[in-house]
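Peer 1: just coords:
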């Protein structure tokens, strides 16, 4: 069965990025890539659902310094079911930017997202894991919004999904996390997922690199691995 949002008991924002048309008349497949918020409350039933859904690899994008009280663990993941990869995606530049602006009105998170592009070593590591995975990949951070949103945009952009669809995929995050108790400790600027945030990120990326693929190649990811990812996701 295909899901847009996976009905996890312990996960509010687990979503498949399948079902999007591409500019070259393909459609992204379901059961290949799932974006998610933290897996702290994952249940045994959730683990079983993810395994049956075809997930073989889980990537944790969280770090220990991006948000002060954030912690890293493999949560309630059944390691008998999944390959677990800890790949913290952050930079000192974005950490400084968030600290200075988290309570500022009209804070544009998209500028901070652009700073994540500087961490090319981790981006390469993430995409190499994705390319080599035997089945579906779930990647997540805390809310499943910022770092997860950037990785989702890079994957969808690589596969020629329309910019509007990439932005739409991003902006529904707040709908799913708005009633999550753990988000109440963060200022509103850290919770919302305004379209302008993702639009700014995409615009900045394209102005500098001209295409998502050019950026990913600049990270040292091989053309072969990028083609593997395209073939995994697009039909």
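Peer 2: It's in. In this text the structure is predicted, and so the values were computed from the model without any measurement.

Peer 1: Which helix or strand in the protein has the lowest average pLDDT?
Peer 2: Ranking every helix and strand in the chain by mean pLDDT, DSSP states H and E puts helix 92-101 at the bottom, with a mean of 81.

Peer 1: So which bits of that helix are buried?
Peer 2: Of all the residues in helix 92-101, those buried under the rule 16 or more other Cβ atoms under 10 Å are 94-95, 97-98, 101. The C-beta positions use only the backbone N, C-alpha and C, and glycine is treated the same way.

Peer 1: again with stretch 45-59
Peer 2: The neighbour-count criterion (16+ other Cβ under 10 Å) identifies 46-47, 49-51, 53, 55, 57-59 as the buried residues of stretch 45-59.

Peer 1: show me what contacts the most centrally placed residue in the chain?
Peer 2: Centroid-nearest residue in the chain, with Cα atoms, centre = their mean: residue 148, separated by 2.1 Å. The contact partners of residue 148, by Cβ atoms under 8 Å, 6 or more residues apart in numbering, come to 35-37, 61, 139-141.

Peer 1: at 7 Å instead, please
Peer 2: Contact partners of residue 148, counting by Cβ atoms under 7 Å, 6 or more residues apart in numbering, are 35, 61, 139-141.

Peer 1: What is the nearest of these to residue 17?
Peer 2: Ranked by distance to residue 17 (Cβ to Cβ), the contacts of residue 148 are led by residue 35 at 6.2 Å.

Peer 1: and the least confident helix or strand of the chain, what does it pack onto?
Peer 2: Contact partners of helix 92-101 among helices and strands, from 3 or more Cβ pairs under 7 Å, 6 or more residues apart in numbering; DSSP states H and E: helix 109-116.

Peer 1: any idea of the angle the helix it packs on forms with helix 92-101?
Peer 2: 160 degrees (axes from the mean of the first three to the mean of the last three Cα atoms, to 10 degrees).

Peer 1: Which positions within whichever helix or strand comes after helix 109-116 qualify as buried?
Peer 2: Once the chain leaves helix 109-116, the next helix or strand it forms, by DSSP states H and E, is helix 120-132. Using 16+ other Cβ under 10 Å as the burial criterion, the residues of helix 120-132 that qualify are 122-131.

Peer 1: ok, and the closest non-adjacent residue to residue 18?
Peer 2: Distances taken as Cβ to Cβ, 6 or more residues apart in numbering put residue 30 closest to residue 18, at 3.3 Å, once the chain neighbours are dropped.

Peer 1: Count the neighbours of the one you found for me.
Peer 2: Burial measure for residue 30: 19 neighbouring residues, criterion other Cβ atoms under 10 Å.

Peer 1: name the helices or strands packed onto the longest helix along the chain?
Peer 2: Taking DSSP state H as the criterion, the chain has its longest helix at helix 195-209. Counting contacts by 3+ Cβ pairs under 7 Å, 6+ apart, helix 195-209 packs against helix 109-116, helix 147-158, helix 163-171, helix 212-218.

Peer 1: Nothing else from me, thank you.
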